[in-house]
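Asker: Just the structure for this:
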Amino acid sequence: MSNLITIFLSSSAQGLLWSLLAIGVFLTYRILDIADLTTEGSFPLGGAAAAVTLTKDMDSWPAFLQPVFESHPLVLPVTALIFAFISGALAGLVSGILHTKLKIPALLAGIITMTGLYSINSRIMGAPNISLLGTQTIFTQAQAMGMNKVYSVIFVGLIVVILVIALLTLFFKTEIGLATRSTGDNIEMSQANGINTDRMKTIGYMLSNGCIAMSGALLVQNNNFADLNSGIGTIVIGLASIIIAEVLFKNKPLMFRMITIVIGAVVYRFILACVLELNVDAADLKLFSAIILVICLSSPLIQKKLKLPKKRGVR
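Answerer: Below you'll find the predicted structure:
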């Protein structure tokens, strides 16, 4: 029983950090009705931006910032998250321009940006990976308050997720936010009502990839290293969290949908943790991730088949 609780707490901690990626995927996949593969480039981009920010020599910062960073250790890790969001938003801007201005199909636009970001991430990091051991992160600051590693991740993860969901909820109640949702629901009607749908799509791309990059930055600070190939398969993680949420909770308002995605991310990490407890090789984890996604995607069809009434025999 205690082992199960430990697994659940660890899964909750990881799920909260990954849920930002799932929310980012949700913005394009469900709100805009676009399959965006920029995810697999913007995730490591956020991690690279955070890692470089945290390991940068203090003397290389502007003189007026150095006393702030030294006297307030939490400021630098938070700055790393902000830089990660901005870098992800810029990646989304590129995909948005490729799709809306150059009329490249959304799937290809994401692949092009993702491919280009591999070189950009390599340039930013200057190495295949960067170690953050001994570096002050947002989680070490939480641990300084007396929390252990898992509880510090849950504490920080909850604060960031609540803040992101609250800001996105407020955004989607604004005129621009409603226009963005309208673009995804019915692009022809939106254009007929004078909405600049290309602009709304680009804004959606930027918000989506900003959240994804922030997830990458949080996971880098939690894992204490940034890796150039960390983005491989992240789109599957995001989609699985969304589908699990939609299977468990149906027809919810926007804010509650985002909350259910967080729950979906936690459930997904819990399933993977249970799989690992069965002594499955870590190299097979991606395979099991794909299998879980297939099961989640096919579950509505299976439920529908089971609910169909049996055909009566012909008399």
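
Asker: And the contacts of the worst-scoring helix or strand of the chain on mean pLDDT?
Answerer: None of the helices or strands of the chain scores lower by mean pLDDT, DSSP states H and E than helix 285-307, at a mean of 78. Contacting residues not belonging to helix 285-307 are listed as 232-233, 236-237, 239-240, 243-244, 247, 268, 271-272, 275-276, 280 [C-beta atoms under 8 Å, 6 or more residues apart in numbering]. Where you see a C-beta, it was placed from the backbone N, CA and C, and this is true even at glycine.

Asker: So what's the gap between it and the chain middle?
Answerer: 21 Å (C-alpha atoms, centre = their mean, to the nearest Å).

Asker: mind starting the numbering at 477 from now?
Answerer: Renumbered: residue one is now 477, and that last one reads helix 761-783.

Asker: And that helix, what's buried?
Answerer: Of the residues in helix 761-783, those buried under the neighbour-count criterion (16 or more other C-beta atoms under 10 Å) are 765, 768, 769, 772.

Asker: Of the residues you listed, just say which sits nearest to residue 665.
Answerer: Sorting these by distance to residue 665 puts residue 772 at the head of the list, at 30.9 Å, by C-beta to C-beta.

Asker: what stretches of this protein score poorly on pLDDT?
Answerer: Screening the chain residue by residue with the criterion pLDDT under 70, one finds the ranges 477, 784-791.

Asker: show me the contacts for residue 506.
Answerer: Contacts here follow C-beta under 8 Å, 6+ apart; on that basis residue 506 touches 660, 718, 733.

Asker: same question, residue 623
Answerer: residue 631.

Asker: now it, what's its secondary structure?
Answerer: Secondary structure of residue 623, reduced to three states by DSSP: H, G, I helix; E, B strand; the rest coil: coil.

Asker: Just the ones of the contacts of residue 506 in strands?
Answerer: Secondary structure assignment (DSSP state E) places none of these within strands.

Asker: ok, and the most crowded of those residues?
Answerer: Ranked by neighbour count under the definition other C-beta atoms under 10 Å, those are headed by residue 718 with 24 neighbours.

Asker: Helix or strand: which one has the closest residue to that one other than its chain neighbours?
Answerer: For residue 718, the nearest residue in space outside its immediate sequence neighbours is residue 502; the separation is 5.4 Å by C-beta to C-beta, 6 or more residues apart in numbering. Taking DSSP states H and E as the criterion, residue 502 maps to helix 478-502.

Asker: I'd like to know how far residue 524 sits from residue 650.
Answerer: Residue 524 sits 31 Å away from residue 650, taking C-beta to C-beta, to the nearest Å as the criterion.

Asker: same question, residue 562
Answerer: Taking C-beta to C-beta as the criterion, residue 562 is separated from residue 650 by 20 Å.

Asker: Could you check which of these two has the larger neighbour count?
Answerer: residue 562 (16 against 10).

Asker: Just the element for that one, please.
Answerer: Using DSSP H and E, residue 562 maps to helix 551-576.

Asker: so how far is that helix off the chain centroid?
Answerer: Distance of helix 551-576 from its chain centroid, counting by C-alpha atoms, centre = their mean, is 12 Å.
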